[in-house]
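Chemist: Need a 3D model of the sequence below.
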Amino acid sequence: MRDAEKTIGNIIDKSTVSIISSVDEDGFPNSKAMLPPRKREEIKNIFFTTNTSSMRVKQYSENPKACIYFFDKRFFRGVMLKGTMKILKDQKTKEMIWQDGDEMYYPEGIADPDYCVLKFTATSGRYYSNFKSEDFEIK
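Modeler: Here you go, the predicted model:
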C-alpha cells in the first residue's frame, strides 16, 4: 500500500456502514453495525455518535479496547483498525458532531443526556485487498 492515509481514508469516507467492536465483561468481542463516522482526523481519530445508555458505552467504560472495520464490497477490500474508544460528553464535542435530523435519535437535542460521542483512536491496522493482507502502524 503506497499511501495508507489516502487509501484507508477513501474506504472510510465511502463506507455506508461501520462495524465497531468492544469487549464484554467475559472478555468476548462484541460487534455492531453503525452509521458511518461523523468526523475523522486522518485515520488516527474517528468520531461516532451513540446513546449514552447503550451497552457499547458501558463496555467501553469498563474496557476501552476497541476495533473498527470498514469495507468496500464492490472491490472486496477493507480495513480493520485497532485502538481505544473514549466516551465524550462535553458540550463542545457534542456540538462538533451534531447534525440536523439527530433529534430523531436524541429528542432533547444536543443537551440530551442520552447523546454522547465515541472517539476512536487508532494505533494499528490491517488492510485487506486482492486476497492479501498487510499490517501497518499508525503514529
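
Chemist: Tell me the secondary structure at Gly83.
Modeler: strand (DSSP: H, G, I helix; E, B strand; the rest coil).

Chemist: Nearest spatial neighbour of it, chain-adjacent residues omitted?
Modeler: Computed as C-beta to C-beta, 6 or more residues apart in numbering, the closest residue to Gly83 that is not its neighbour in sequence is Ala122, at 4.2 Å. To be clear about C-beta, it is placed using only N, CA and C from the backbone, and glycine gets the same treatment.

Chemist: Please identify the buried residues of the helix or strand harbouring the one you found?
Modeler: For Ala122, the host element (DSSP states H and E) is strand 115-129. By 16 or more other C-beta atoms under 10 Å, the buried positions in strand 115-129 come out as 115-122, 125, 127-129.

Chemist: Stretch 101-118 now?
Modeler: 102, 106, 112, 115-118.

Chemist: Put the alpha carbons of the helix ranked longest in the chain into PDB.
Modeler: Using DSSP state H to define each element, the chain has its longest helix at helix 4-14. Extracted C-alpha coordinates of helix 4-14, given in PDB (Å, rounded to 0.1, in the frame of the first residue of the first chain):
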ATOM      1  CA  ALA A   4      -2.100   4.300   3.800                       C
ATOM      2  CA  GLU A   5      -3.700   7.600   4.800                       C
ATOM      3  CA  LYS A   6      -5.200   8.100   1.400                       C
ATOM      4  CA  THR A   7      -6.200   4.500   0.600                       C
ATOM      5  CA  ILE A   8      -7.800   3.900   4.000                       C
ATOM      6  CA  GLY A   9      -9.300   7.400   4.300                       C
ATOM      7  CA  ASN A  10     -11.100   6.700   1.000                       C
ATOM      8  CA  ILE A  11     -12.500   3.400   2.300                       C
ATOM      9  CA  ILE A  12     -13.700   5.100   5.500                       C
ATOM     10  CA  ASP A  13     -15.200   8.000   3.600                       C
ATOM     11  CA  LYS A  14     -17.100   5.800   1.100                       C
END
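
Chemist: what helices or strands is that helix leaning on?
Modeler: Applying 3 or more C-beta pairs under 8 Å, 6 or more residues apart in numbering; DSSP states H and E, we find helix 4-14 packed against strand 39-41, strand 65-72, strand 77-88, strand 115-129.

Chemist: Right, I'll call it a day here.
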